[in-house]
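Participant: all I have is the shape, not the residue letters:
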DNA sequence: ACGTAGTATAAATCTATGTTGATATCAACC
DNA sequence: GGTTGATATCAACATAGATTTATACTACGT
């Protein structure tokens, strides 16, 4: 599923280990074994999170020999950041009036 | 607690109802009763989410008579959006080289 | 001071999901 | 073709957190 809403992407960034993976992939492409090494997490755990990230379109994967390399899709993160930013903009420009209670 | 990390704020935006509250507050200040009306959720549920949002510094509250009005803190959302955006920027400028496996 | 309305808190329940151990898949090398 | 190494999937378990019912708090009106 590629249609990711703000709620969906937020949920994905909400897990510490998954965010760590995103942060690591922001620097360079890495394969599963690297991420296992760098995070100290078990391999099935990493694979699970990578699947979540891939299904949401936040990372892309490419098999290289026996390994699978993962790359962060910057556009996906940017579009998410933009959506959040637009909500903030709306709030900044909102009226100061208060809706009275019934 | 006011020191909100990316993971924390992400977790807060990850709940559909809580995001709905944030989205509604982006337009205007509202009190608890309004949010109960607009969302159809039970009052304790709304109060709970408002507490979470307030503890994270995403909304501020002001008592007005028997009511409590809530306001979205645009700066908080903007700073979060910026942090996410910076990660995306890092990814966009990252090297295409792949770290070899050991 | 009492009753009422709006809101907040507490305890209990339920659901979603992260983690784990075991196993399956799949490519490379002999 | 069989073995090995890397990764993915599966089932079971554990935990975090959202929702609910009940209750407490607080300000206003009479």
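Facilitator: Noted; the coordinates are in hand. Note that this is a predicted model, so its numbers are computed, not measured. Numbers count the residues shown, from 1 in each chain, chains lettered A, B, ... in the order given.

Participant: the helix or strand where residue A:76 lies packs against which elements?
Facilitator: Element membership for residue A:76, per DSSP states H and E: helix A:74-92. Applying 3 or more C-beta pairs under 8 Å, 6 or more residues apart in numbering or on different chains; DSSP states H and E, we find helix A:74-92 packed against helix A:6-13, helix B:16-25, helix B:74-92. Heads up, the C-betas are built off the backbone N, CA and C, glycines and all.

Participant: touching DNA strand D at all, stretch A:8-16?
Facilitator: No - counting by C-beta under 7 Å from any atom of the strand, DNA strand D is not contacted by stretch A:8-16; separation bottoms out at 8.0 Å.

Participant: now do the buried residues in that stretch.
Facilitator: For stretch A:8-16, burial by neighbour count (16 or more other C-beta atoms under 10 Å in any protein chain shown) applies to A:8-15.

Participant: save the residues you listed as CSV, and put in pLDDT and distance to residue B:65 too.
Facilitator: Below are those laid out as CSV (pLDDT from 0 to 100; distance: C-beta to C-beta, whole Å):
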residue, pLDDT, distance to residue B:65
A:8, 97, 39
A:9, 97, 39
A:10, 98, 34
A:11, 97, 37
A:12, 97, 41
A:13, 98, 39
A:14, 97, 36
A:15, 97, 41
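
Participant: and of the residues you listed, the nearest to DNA strand D?
Facilitator: Taking C-beta to the nearest atom of the strand as the measure, DNA strand D lies nearest residue A:14 of the buried residues of stretch A:8-16, at 8.0 Å.

Participant: tell me the phi and psi of the closest one?
Facilitator: According to degrees, to the nearest 10, the main-chain angles of residue A:14 amount to phi -80, psi -10.

Participant: pull the contacting residues for it.
Facilitator: Applying C-beta atoms under 8 Å, 6 or more residues apart in numbering or on different chains to residue A:14 gives the contacts B:7, B:10-11, B:14.

Participant: return the residues of chain A in contact with DNA strand D.
Facilitator: So chain A meets DNA strand D at A:31-33, A:36, A:43-44, A:46-48, A:50-51, A:61, A:66-68 (C-beta under 7 Å from any atom of the strand).

Participant: buried ones among those residues?
Facilitator: Counted by 16+ other C-beta under 10 Å, these give A:31-32, A:36, A:46, A:50, A:61, A:68 as buried.

Participant: buried residues in stretch A:36-43?
Facilitator: A:36, A:39, A:41.

Participant: contacting residues for the second one?
Facilitator: Meaning residue A:39. A:17, A:20-21, A:24, A:46.

Participant: go with 10 Å
Facilitator: Listed by C-beta atoms under 10 Å, 6 or more residues apart in numbering or on different chains, the contact partners of residue A:39 are A:16-17, A:20-21, A:24, A:45-46, A:49.

Participant: pLDDT score for it?
Facilitator: Per-residue pLDDT puts residue A:39 at 96.

Participant: which residues touch residue A:62?
Facilitator: By C-beta under 10 Å, 6+ apart, the neighbours of residue A:62 are A:29, A:31, A:68-71, B:98.

Participant: quick one on the thing from earlier: what's the most distant pair in the contacts of residue A:14?
Facilitator: Greatest spacing in the contacts of residue A:14, by C-beta to C-beta: B:7 and B:14 (10.3 Å).
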